[in-house]
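Asker: sequence plus predicted model, see below.
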Amino acid sequence: MNTFRIARQSDAQRCFEIETAAYEGDEAATLEKISKRIEVYPDGFLILEEKGEIVGFINCGCAHEVEMSDEEFKELVGHDPDAPNVVIMSVVVDPAHQGTGLSRALMTEFVDRMRNKGKSAIYLMCKEHHVPLYRKFGYSYLHPSNSDHGGMLWHEMSMRL
């Protein structure tokens, strides 16, 4: 059975392990960034547990004006918890648990929680091979991103709530 909850600081190390296993090279957030995201905006850091083990998470910040290529925002510089726009920084499922529907369950729960908070839209960046997946989740393609985070090509997508 899947359980969802808000992150605690004691979750940072496990989340870092999952992040580095799932993302390539420099695109993974550091342990310090993950810890800061939990500290600054725990309500935007959703944990997915299966049988008491953390197997995935989503974290975000909120902004009035969204600039997806803003690297400082990944450290929540400019984050305002009352802002209407949600900017996802990581959507991660432990590679050992991928392909089992957990990313859909995690995204569905996250979207419901943001809707219940009265947010207007959710924004994210992904690599090209994930564009069809996020379209299935209800996101619209915006354009290639100006971001070169981790030396990768990214694509920006959004969902109106």
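Answerer: In hand now; what should we look at? Numbers count the residues shown, from 1 in each chain.
Asker: for residue 96, which residues are in contact?
Answerer: Contacts for residue 96 (Cβ atoms under 8 Å, 6 or more residues apart in numbering) come out as none. Just so you know, the C-beta spots here come from the backbone N, C-alpha and C atoms, and that holds for glycine as well.
Asker: give me the buried stretch members for the longest strand anywhere in the chain, please.
Answerer: Longest strand of the chain, by residue count under DSSP state E: strand 53-63. Residues of strand 53-63 classed as buried by neighbour count (16 or more other Cβ atoms under 10 Å): 54, 55, 56, 57, 58, 59, 60, 61, 62, 63.
Asker: what of stretch 135-150?
Answerer: Buried, per 16+ other Cβ under 10 Å, within stretch 135-150: 137, 139, 145, 147.
Asker: what about that stretch, average pLDDT?
Answerer: In this model, stretch 135-150 carries a mean pLDDT of 88.
Asker: quick one: the spatially most central residue of the chain from residue 123, how far?
Answerer: Central residue of the chain (Cα atoms, centre = their mean): residue 90, 3.0 Å from the mean position. Computed as Cβ to Cβ, to the nearest Å, the residue 90 to residue 123 distance reads 13 Å.
Asker: following the top helix by length along the chain, which helix or strand shows up next?
Answerer: In terms of residue count, the longest helix belonging to the chain (DSSP state H) is helix 102-116. Once the chain leaves helix 102-116, the next helix or strand it forms, by DSSP states H and E, is strand 121-126.
Asker: and the helix or strand following that following strand, what does it pack against?
Answerer: Using DSSP H and E, the helix or strand that follows strand 121-126 in sequence is helix 131-136. Identification of packing neighbours for helix 131-136 by 3 or more Cβ pairs under 8 Å, 6 or more residues apart in numbering; DSSP states H and E yields strand 121-126, strand 155-160.
Asker: what's the angle between the last one and strand 121-126?
Answerer: An angle of 160 degrees separates the directions of strand 155-160 and strand 121-126 when computed by axes from the mean of the first three to the mean of the last three Cα atoms, to 10 degrees.
Asker: so where's the chain shaky on pLDDT?
Answerer: 149-150 (pLDDT under 70).
Asker: one more pass at 90, please.
Answerer: Applying pLDDT under 90 to the chain flags residues 1-2, 23-28, 67-78, 127, 144-154.
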